[in-house]
Structure formats: C-alpha cells, structure tokens
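Trainee: Next one to model:
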Amino acid sequence: NEKVSTSGVCAIDSANAGTDKDVTCSNLTLTGNDKNNYTLSSTSTSSEDILDIEKAILTVTVDNKSVEYGQSIPSYTYTISGFVNNETESVLGGTVSYATMIGNTTIDNLSSLTAGSYTIIPSGLTSDNYSINYINGTLNITALYTVTYDYSTNGGTSATVTTASVYNDADVDNRRSEER
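Mentor: Prediction:
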C-alpha cells in the first residue's frame with residue numbers, strides 16, 4: 001500500500017446553494033511517503049458540474065409574550081439562528097409576518113382576545129441559500145382576577161354573576177361588603 005495524497009487550493013464558481021457547481025483547483029502537490037513514485041501531469045485542474053451545495057437550515061423562533069387582560073398586545077419579536085459565512089438577516093427576502101391562532105382559527109382582531117393562550121405563527125421570509133424552519137411562539141393573556149363560587153356554603157342555591165370594572169383590591173373588598 002503506497003501512501004500518496006494531493007493538496008492544493010480549490011474554489012467553486014459560487015458559494016450559493018445549487019447543483020452542478022464548477023470546481024477549480026490550483027497549486028496541487030503530492031504529499032506522503034511515496035510521493036516520489038508519482039508525477040502530477042498538471043498543478044491545476046478544473047471540473048464542471050461536479051459539486052452540489054445544499055441549502056443551510058435557518059431557524060426563526062417567535063419569542064413568547066405575556067400580557068394582562070385589558071392591556072395592549074405587545075409587539076411580536078423573533079430570533080434567527082443558523083446563518084453561515086457571517087451572513088445576517090440582510091441576505092433574506094421578505095419580512096416576517098404573524099398569524100395569531102386559537103386551535104385552527106385565525107384571530108384577526110387582537111383587541112378582542114380574552115384571557116387564554118394563543119399560538120403565534122410566523123411566516124414570510126425567503127432565501128435561495130437557506131431552508132427556513134419556523135418555530136411558533138405563545139401569547140398568554142392572563143386574567144385580572146379568577147372568581148370561584150362554592151355552592152356548598154350557600155346551601156347549593158344558584159348564584160348570579162355580574163360583570164363589574166375592577167380598579168384595585170380595595171374596590172373589590174368594598175363591593176363584597178355591599179353585596180352581602
């Protein structure tokens with residue numbers, strides 16, 4: 001077994017993703033214990049249509065958001081990971097847009113949301129060099145107060161619940177005193 005390797009500098013016609021890339025090599029040399037048994041016919045070579053470059057995977061992750069019921073829905077934000085060759089978001093086309101969903105239903109009017117959890121689904125970016133993977137986020141809207149009524153303390157009779165605007169804990173305590 002003779003041991004010989006080649007070394008040199010090779011370049012491709014474009015670093016962009018695609019198929020059938022051309023490769024050109026120069027400054028080729030032989031290395032190894034048996035290099036003197038061989039001779040290179042040329043120190044450079046070029047081959048056409050021999051290299052395929054796959055798209056890199058880019059991940060867009062929506063940041064989770066929380067808000068108290070009645071407050072403005074915060075702006076949705078995201079982070080991106082997976083760029084190669086020191087590239088940034090500037091190499092992407094499009095802009096990130098969001099759909100807010102509950103189950104399979106898109107919510108068009110975010111100001112109508114009640115307390116609960118909603119899925120934030122991103123989309124909209126394009127790239128010739130990246131396969132874009134989107135990871136959904138969650139919008140949590142928390143209730144100001146949770147009311148629990150124990151029927152056993154009232155002899156099992158029914159209760160009537162009315163809606164009232166509550167501004168602070170003192171108002172809640174005053175309303176409880178008045179209703180008794």
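
Trainee: who's in contact with the longest strand along the chain?
Mentor: Identified as the longest strand of the chain according to DSSP state E is strand 18-31. Identification of contacts with strand 18-31 by CB atoms under 8 Å, 6 or more residues apart in numbering yields 4-14, 38, 40, 42-53. For the C-beta atoms, the positions are set from N, CA and C on the backbone; glycine is no exception.

Trainee: buried stuff in it?
Mentor: 18, 21, 25 (16 or more other CB atoms under 10 Å).

Trainee: Report the beta-bridge partner residues of the first one.
Mentor: According to DSSP bridges, residue 53 are recorded as the beta-bridge partners of residue 18.

Trainee: Same check on the last one?
Mentor: Residue 25 has these beta-bridge partners by DSSP bridges: residue 10, residue 45.

Trainee: what residues are up against residue 118?
Mentor: 100-102, 107, 138-141.

Trainee: between those residues, which has the most around it?
Mentor: Neighbour counts for the contacts of residue 118, by other CB atoms under 10 Å, peak at residue 139, which reaches 24 neighbours.

Trainee: beta partners for that residue?
Mentor: With DSSP bridges as the criterion, residue 139 is bridged to residue 65, residue 118.

Trainee: Next up, the contacts around it.
Mentor: Here residue 139 is in contact with 64-67, 73, 100, 113, 117-120 (criterion: CB under 8 Å, 6+ apart).

Trainee: Counting neighbours, which of the contacts of strand 18-31 end up buried?
Mentor: With burial judged by 16+ other CB under 10 Å, the buried subset of the contacts of strand 18-31 is residue 10.
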